[in-house]
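Peer 1: Have a look; sequence and predicted model below, questions after that.
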Number of protein chains: 2
Amino acid sequence: MRLSRYFMPTLREAPSDAQIVSHQLMLRAGLIRQEAAGIYAWLPIGLKVLRKIEQIVREEMNRAGAVEVLMPTLQLADLWRESGRYDDYGEEMLRIKDRHERDLLYGPTAEEVITDIFRAYIKSYKDLPKNLYNIQWKFRDERRPRFGVMRGREFLMKDAYSFDVDEAAARRAYNRMFLAYLNVYARLGLKAIPVRADTGPIGGDLSHEFIILADTGESQVFAHKDLVEMGAPGPDIDWDGDLQPLVDQRTRLYAASDEMHDQARFEAEATPDERMTARGIEVGHIFYFGEKYSRPMGAKVAMPDGTERFVQMGSYGVGVSRLVGAIIEASHDEAGIIWPDSVAPFGAAVVNLRVGEAAVDQVAEQAYQALTAAGLDPLLDDRDERPGAKFASLDLVGVPWQLIVGPKGVAEGVVEIKRRATGERQSLPLEAALKAITG
Amino acid sequence: MRLSRYFMPTLREAPSDAQIVSHQLMLRAGLIRQEAAGIYAWLPIGLKVLRKIEQIVREEMNRAGAVEVLMPTLQLADLWRESGRYDDYGEEMLRIKDRHERDLLYGPTAEEVITDIFRAYIKSYKDLPKNLYNIQWKFRDERRPRFGVMRGREFLMKDAYSFDVDEAAARRAYNRMFLAYLNVYARLGLKAIPVRADTGPIGGDLSHEFIILADTGESQVFAHKDLVEMGAPGPDIDWDGDLQPLVDQRTRLYAASDEMHDQARFEAEATPDERMTARGIEVGHIFYFGEKYSRPMGAKVAMPDGTERFVQMGSYGVGVSRLVGAIIEASHDEAGIIWPDSVAPFGAAVVNLRVGEAAVDQVAEQAYQALTAAGLDPLLDDRDERPGAKFASLDLVGVPWQLIVGPKGVAEGVVEIKRRATGERQSLPLEAALKAITG
C-alpha cells in the first residue's frame, strides 16, 4: 500500500479521556475512532489487525473441529424468555422495539439463538458431537464504557457452542476448546494462563478464564510458574484423541485471578520460588453448563435405544476486538505499538526519505515490489514529510520492519533496516536487506 | 470437509411462506435459517458463499483504489440530526434508546458516520481523492420483510464513500466505482446492466442502479442488446487513467428499469431487433450527490490558495447478502442451486456410495486428499445414506462437481464425475477424473 493513497491518520496526542495505554495508542495510531460511548469505528490499520486476529481464531476453531455459522446481531426477545434470561440479564442488555412493537434485543451472547438452531435441525445422537461458532458483533450496554475496545459496548466476539450426548463427551468438547484457546494466544504472541473461573450469568459448573500477562492489566493473577512457562500444545495434537492429560498437566498447577484466589492454597501448592503474581487481562472464557439451556428450550436428541436426552452444552468466548487492545497492553514501548508479526497491519514499511529524487524513488520502489512479491504486504511511505515524522508514525503504528531508503545510502549502495521490537539497525545492500526481512 | 462432521441441514420442503425460488432454495439447502421476520442466521454453507462474495467485492474495491474501514452497526442519532435525515428517514430506521436514554439507531446506511470520520482527520486537498468503504451489517425496518435475504431487515452491505475537491474529480471517482461494479458482477457470473436511476432519499443528481437478469426478477428492465452483451471492462484497465470513454460506451446505450423507462426514447434509440426487455434484480446502486452531506456537516478541505471548500461526495452500495439470493435467482434448476465456481461453497464433492467398504473408502479418501491438495476445498460425503439422497442433497446445494466413487466403478478402476451445471457425466480412471475437475 502506498501511504500517499492510504488513510492512516495519526494523532500527536491522545484525547485526555483515554486512560490506559492501549486506548491512547489505538487513538494516536489511527486504529479506531470513537463514534459514541463504547462504540468505535475501525480505521484501516485497526481493521487489518482485527481481521488478522479474527482469522487466527477462525483457523484454530476449525482445526479443533468447530464449524462456523453466523448469527444475526439482533435477536428475538421471546427466545430469551424461553431460557428465562430476558428479565435476569439486566440493564446491560440493549432492548429494542421494532416498528411493529415487537421486542428485539442486540445479542450480548447467543446461547439461546444457537440452541434454537440446534433444536430445529439436529435430532439424533448420530449427529453429535457438534460445535458451532460464530464471529459476530455483540452489544453490552455497559454503564460506564471505558478503556477503549477493552470495555466497549459494541464488540466483536467469537462465541462457540458445543452439543454432546453426555457429560464425558461434553468434557472432551471442553478440552478441545481449552487447548485450542492456548494455541490462539500463542499465535498472537501472548502468554496466556488458564485460571478457574466463576461461571457468572452463563451458569454451569466448570469454567476457565484465559488471562494474558500485561503490566497494565485490570486484574491480579496468581499462578504456578511452571504453568506460565508451559507452552501451548501446538496445532498437531490429535484433536480426536484423549486430550485430558494435556489439560490436566495445566489445570493441576495453581492459577487464579483475584476473585477466585485462595492464598492458603497457593502457598500450599507452590513454593515461594514457584509462585508468580502479576497483572493480567481476561481475553477468553469457556463454560460447561450441561442442560441449562437445552432443558428449558427442549434441545434433545434421540439415543440408540429410542429414548430422548437433553444435550449437554458448553460455550466458549474470545473477545476478538478486545484482543487488539490486550496485545497492545502486552506489547508496546514509549514510541508506540510493537505488533507481533502474526497480526501486524503491514509486514514491513519501505521509508523513502527523499520522495521525488529519481534514484531514491527507484530503490524504494524496487524494495516495495520485492516485499510485495514476498507476500509481506508492505507499506510504502511515499509521503512528502520530514524523516523524523515518518519514523515517528511508523514506530507509533508498530510496523515490525522498516526498510529505509535515503540519498546517502543509495549513493553508497546500501539501505538501512530497522527492527521495531528491538530498535536494532543495520546498513546493508538492498538484496541482503530484503533477505534479512523475508527470512 | 467431511460431511459426517459438518452441519449442512437440508430440508425436503421449503416453508410455505417462502414465495420465491431463491428463498425456497436457501432454506431447503440449509444456507440460512429465519430468526425473526427479515432476520436470518447464516448456516455453514450459506456463510461460505456470503464470505466469497464479500471477498470478491473487497478485492475489486481495493483494485479501484478504495480503502477499507469498518463502521459500527449502531450510530448516534445526533449525526443524523446534523444532516437533517433523522426525522426524514421514516419508519425504516430502527431507533434505539440506550440505558442512559441516549438516542442511537441501527445504521441503514452510513453517509453521516463517514462524513464525520472524514471531517475529523482530513483537512487538505492534498489528501484527496479518498474513497472509504466498509462491509458491515445494516438494518432497515421494512414494513413487510419478504423474499428471504432479498428484502430482509438485517442485511450485509458494502458501502463506499468518495471525497473529492471538485465535480470533475468526483466524476472520476464515480466512474471508477461504475466500472469496478461491473467487474464484481462479472466475477460472480452475473450479467449486470447499469441503468440510470432515481436518487431517492440519498439525494444527488447522478445515479445508476445495477440490475442483473433473472427471469424471476422483481423489476422490468429495458435495454439495448449491445449493452447486455458488452463484457465487463476487466481488472487491468488503468484505474488512474481516463475512464470516461469506458463509461460513455455503456451509458450512451439505452437502459432503464420500469420506474425510469421512457418507451418513446427506447424506440427512438434502439431498433426493434436491438431492444431487450427482461426481468431483473437490483444488486447495486451508486450516487453522486456533491455537497449534500459535506455542507451541513462541515466537511471541507483547504485548497492550495488557502480557501476552504466543501468536498464533493458520492456513495456506492452493493447488497452483499442480497447477492446470494440474486445469484440463485439467476442460476438454478429444478434440482436446486447452480453456483458459479467463484462462489460455490465447495469446489467439488466426493461422493462415497458405499461407506465402510475398504476399497471404496480408500479411493474416496484418495480423491478427497487430491482435491484438497489442489485447493478445491472439497466436501467428502461420507454419510451413511442412500446414493439417491446423497445426489439429491449435493444437487440441491449446488456443488459444481461431483466425483462419485462406488463399488462397481472401483472394481473396474473408474470413478464417475458429474458437472452440476450441465448434468454431464463421465466414467474415468481416478487420475483423469481429478484432472478434468482441477483443469
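Peer 2: Yep, that arrived. The structure displayed is predicted, hence computed values, not measured ones.

Peer 1: Could you pull up the residues touching the closest residue in space to A:Tyr106 that isn't next to it in sequence?
Peer 2: The spatially closest residue to A:Tyr106, leaving aside those adjacent along the chain, is A:Phe139, at 3.8 Å (C-beta to C-beta, 6 or more residues apart in numbering or on different chains). All C-beta spots, glycine's among them, are computed from the backbone N, C-alpha and C. Contacts for A:Phe139 (C-beta atoms under 8 Å, 6 or more residues apart in numbering or on different chains) come out as A:Thr73, A:Leu94, A:Tyr106, A:Gly107, A:Pro108, A:Arg153, A:Glu154, A:Phe155, B:Leu74.

Peer 1: would you list those in a markdown table and tack on neighbour count and secondary structure?
Peer 2: As requested, these are arranged in a markdown table below (neighbours: other C-beta atoms under 10 Å in any protein chain shown; DSSP: H, G, I helix; E, B strand; the rest coil):
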| residue | neighbour count | secondary structure |
| --- | --- | --- |
| A:Thr73 | 22 | coil |
| A:Leu94 | 23 | strand |
| A:Tyr106 | 25 | strand |
| A:Gly107 | 26 | coil |
| A:Pro108 | 20 | coil |
| A:Arg153 | 24 | coil |
| A:Glu154 | 24 | strand |
| A:Phe155 | 23 | strand |
| B:Leu74 | 24 | strand |
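
Peer 1: so A:Trp339 sits right up against A:Gly46, yeah?
Peer 2: No: in this structure, A:Trp339 is not within contact of A:Gly46 by C-beta atoms under 8 Å, at 11.6 Å.

Peer 1: Common neighbours of the two, please.
Peer 2: Taking C-beta under 8 Å, 6+ apart as the contact rule, A:Trp339 and A:Gly46 both touch A:Pro345.

Peer 1: if we can go back for a sec, out of the contacts of A:Phe139, which comes closest to A:Arg119?
Peer 2: Distance from A:Arg119 was checked for each of the contacts of A:Phe139 by C-beta to C-beta. The minimum falls on A:Gly107, at 17.8 Å.

Peer 1: Contacts only, for that closest one.
Peer 2: Contacts of A:Gly107 were listed using C-beta under 8 Å, 6+ apart, and they are A:Met71, A:Pro72, A:Thr73, A:Leu74, A:Gln75, A:Val113, A:Gln136, A:Lys138, A:Phe139.

Peer 1: 10 Å instead, please
Peer 2: For A:Gly107, the contact set (C-beta atoms under 10 Å, 6 or more residues apart in numbering or on different chains) comprises A:71-75, A:79-80, A:93-94, A:113, A:136-140, A:157, A:159, B:35.

Peer 1: now do A:Phe178
Peer 2: Under the contact definition (C-beta under 10 Å, 6+ apart), the residues listed for A:Phe178 are A:64, A:171, A:194, A:208, A:210, A:233, A:243, A:246-247, A:250-251, A:284, A:286, A:316.

Peer 1: now A:Asp242
Peer 2: With contact taken as C-beta under 10 Å, 6+ apart, A:Asp242 is in contact with A:Arg172, A:Asn175.

Peer 1: what about it, which helix or strand?
Peer 2: A:Asp242 belongs to no helix or strand when assigned by DSSP states H and E.

Peer 1: what ranges do the strands span in the stretch 1-150 of chain A?
Peer 2: Listed in chain order, the strands of the stretch 1-150 of chain A (DSSP state E, counting those that start in this stretch) span A:32-36, A:39-42, A:67-68, A:74-76, A:94-97, A:103-106, A:130-139.

Peer 1: Show me the strands in the stretch 201-350 of chain A, by range?
Peer 2: So, for the stretch 201-350 of chain A - with DSSP E, counting those that start in this stretch - the strands run A:206-213, A:219-224, A:255-257, A:275-290, A:300-302, A:308-310, A:312-319, A:332-333, A:336-337, A:349-352.
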